[in-house]
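Engineer: Here is the input, now give the coordinates:
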Amino acid sequence: NGTVINYGTIIGEGQINMYGGVLANHGHIDLHGASGHGTFYNTGTHGDDNFYLTTTPCDHDYENLGTVEATCTHGAGTQYRCKTCYYMRLDETSGVLPHSFNNSHNGMNICSSCGHTTYDEPANGDGSEEDPYQIANAGNLYWFADYTKNSSANAILTADIVLNDGTFAADGTFTATGADEPSKPFPWIRIGDGAHGYYNGTFDGNGHTISGMYVNGSFGLFYDLYGSVVNLGIVNCYIRVDGGTGAICYWNYGTISNCYTTGILSGSYSSGICDTNDDGSTISNCYSTCTFVYDTNFYGGGICGTNIGTISNCYTSYDTAIQDNDETASEVYGGVSADRFASGEIAYKLNGSVDGEGNWTAGATNGKQAWYQKLGENGDSYPVLAAAEGNTVYEQKTIDCGGTVVACNYYNTEEEDVTQPHNYQVQQDENENPVFVWSEDYTTATLQLVCSRDEEHTANVEVTGEGITWEETTPATCATAGVRTY
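Structural biologist: All right, here's what the predicted structure looks like:
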């Protein structure tokens, strides 16, 4: 019910509801709708999705704001502003100055005067399935995100991509660690913005990571995903959003496989991989150790907030929810402990597969698998997608005498399975005395043994000769027989 003046771009998932007041749009608005009563001045553009506001014409009563010097965004001239609708007009007397691209950062060229940024186009690839764009740095990735607003193309990472070199606190505070890193993080712009279309290609991480992704009020790496994302790690991200989102995408209508996410997700509906996995869509062989920061209640999920499709062989960690930005963590249901991640168990299981009945089958360990992990001191705390010398994970089973697997251990070398021997114990009666079966002449006694690991496994020990002794515990009389105890 006040005054909103827009000279730039407003994009979001909500809508504008006016209860009076003034909306003056001199840029671009792309929301899910706008309605109500009030005054709507419009010299810009807006999306057509339920935009029900009626434009109010303005005769423009200008006031002179003085002269301005030429910059890289406008020429020199006299600046005027309408007193009614706040429309700005510049009567230029000279042309604009060129941008000062003297600050290049990881494939991004930044104008030191206005902050305008251009991105390096990938040097290789044409976006086809046969020849995907090869993403080699942050600038290539931003270029790809901007390019795919109007087109779906295929891409493959050829290196680990660093969007922001630093660390994020739970409240989003950024601390730069790179020598030439700006003090403020570059915001991510997402692939497939929804206003122009949705991503329908194949994005192959090729075992690499995207680190330092910073999102404040938008979505993850993708908006809605209709294609596939494979073999990708998103690490050290910070995403804050009031609605639902995931580190990889908002809604998944496609396929996400062999991916993992780490970092901070702020919002009660945030999830490690995606907000919603739709009918017919799949998430497989993925994990997330993201920390969730929420206000009052947490409605997200370690992997996904709402699942209508198929999720198989995926894992998330314990103790990853922080309420009100404090340090008291609460358990995310269904999580896996950090010790199990560090042991190599999850890396080994991620290389397997689960069928429709929930049966897990071991995967490859011959260098063709997706997941690896260096175990032991100075090893990896969590699985990685990059192969290195000695980081294949093998499983060693401990099998009891009945053929049941009772324990599993994991190593970076192949170890033979261990079969436990029978652990025989003497069978005892109710008084805890050994139970013997005697021959009729008391010359042979059979002692029965029972395996403590499996009672169906028994063995007999036969005692004869000098192994048997006796004593006359009750002497015989002329009226009664004597009693010998053997």
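Engineer: what about stretch 343-354, start to end distance?
Structural biologist: End-to-end distance for stretch 343-354: 21 Å, by CA to CA, to the nearest Å.
Engineer: Now that stretch: buried residues?
Structural biologist: 343-352, 354 (16 or more other CB atoms under 10 Å). In this view, the C-beta of every residue, glycine as well, is placed from N, C-alpha and C.
Engineer: Also stretch 469-485?
Structural biologist: Judged by neighbour count using 16+ other CB under 10 Å, stretch 469-485 contains no buried positions.
Engineer: Glu92 contacts Gly75, doesn't it?
Structural biologist: Yes: Glu92 is within contact range of Gly75, at 3.8 Å (criterion: CB atoms under 8 Å).
Engineer: Given the strand or helix carrying Val293, what are its sheet partners and their directions?
Structural biologist: Taking DSSP states H and E as the criterion, Val293 maps to strand 291-294. Using DSSP bridges, the strands paired with strand 291-294 are strand 255-266 (parallel), strand 321-323 (parallel).
Engineer: quick one: it to chain centroid distance?
Structural biologist: Distance of strand 291-294 from the chain centroid (CA atoms, centre = their mean, to the nearest Å) equals 13 Å.
Engineer: So which residues of the stretch 251-400 of the chain form helices?
Structural biologist: Using DSSP state H, counting those that start in this stretch, the helices found in the stretch 251-400 of the chain span residues 338-343, 345-350.
Engineer: Lys368: neighbouring residues, count only.
Structural biologist: 9 (other CB atoms under 10 Å).
Engineer: pLDDT score for it?
Structural biologist: pLDDT for Lys368: 83.
Engineer: And it, how far from Ser381?
Structural biologist: Lys368 sits 24 Å away from Ser381, going by CB to CB, to the nearest Å.
Engineer: Likewise for His37?
Structural biologist: Using CB to CB, His37 is found at 57 Å from Ser381.
Engineer: One more: Phe186?
Structural biologist: 27 Å.
Engineer: between these two, who's got more neighbours?
Structural biologist: Phe186 (20 against 12).
Engineer: Tell me which residues touch the more buried one, please.
Structural biologist: 108, 138, 163-164, 214 (CB atoms under 8 Å, 6 or more residues apart in numbering).
Engineer: How many residues are close by the nearest residue to Ser353 once chain neighbours are set aside?
Structural biologist: Spatial nearest neighbour of Ser353, excluding adjacent residues (CB to CB, 6 or more residues apart in numbering): Thr361 at 5.4 Å. Neighbours of Thr361 under the rule other CB under 10 Å: 9.
Engineer: Could you pull up the mean pLDDT of the longest helix seen in the chain?
Structural biologist: Counting by DSSP state H, the longest helix found in the chain is helix 138-147. Average pLDDT, helix 138-147: 94.
Engineer: Which residue lies nearest the spatial centre of this protein?
Structural biologist: Thr261 (3.0 Å; CA atoms, centre = their mean).
Engineer: quick one: that one and Ile303, what's the gap?
Structural biologist: Applying CB to CB to Thr261 and Ile303 gives a distance of 9 Å.
Engineer: Show me whatever sits in contact with both of those two.
Structural biologist: With CB under 8 Å, 6+ apart, Thr261 and Ile303 have common neighbours 272-273, 288.
Engineer: and those residues as CSV, adding pLDDT?
Structural biologist: Output for the shared contacts of Thr261 and Ile303, formatted as CSV (pLDDT from 0 to 100):
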residue, pLDDT
Gly272, 91
Ile273, 94
Ser288, 94
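Engineer: Flag every buried residue along the longest helix of the chain.
Structural biologist: 138-145, 147.
Engineer: Identify the residue nearest the residue nearest to the centre of the chain in space, chain neighbours excluded?
Structural biologist: Ala247 (3.9 Å).
Engineer: Please apply the same query to His116.
Structural biologist: His99 (5.8 Å).
Engineer: Tell me, what's the model's pLDDT at that neighbour?
Structural biologist: In this model, His99 carries a pLDDT of 84.
Engineer: Look up which residues are beta-bridged to the residue lying closest to Thr255 once chain neighbours are set aside.
Structural biologist: Excluding its sequence neighbours, the residue lying closest to Thr255 (CB to CB, 6+ apart) is Ser228, at 4.1 Å. Beta-bridge partners recorded for Ser228 (DSSP bridges): Thr202, Thr255.
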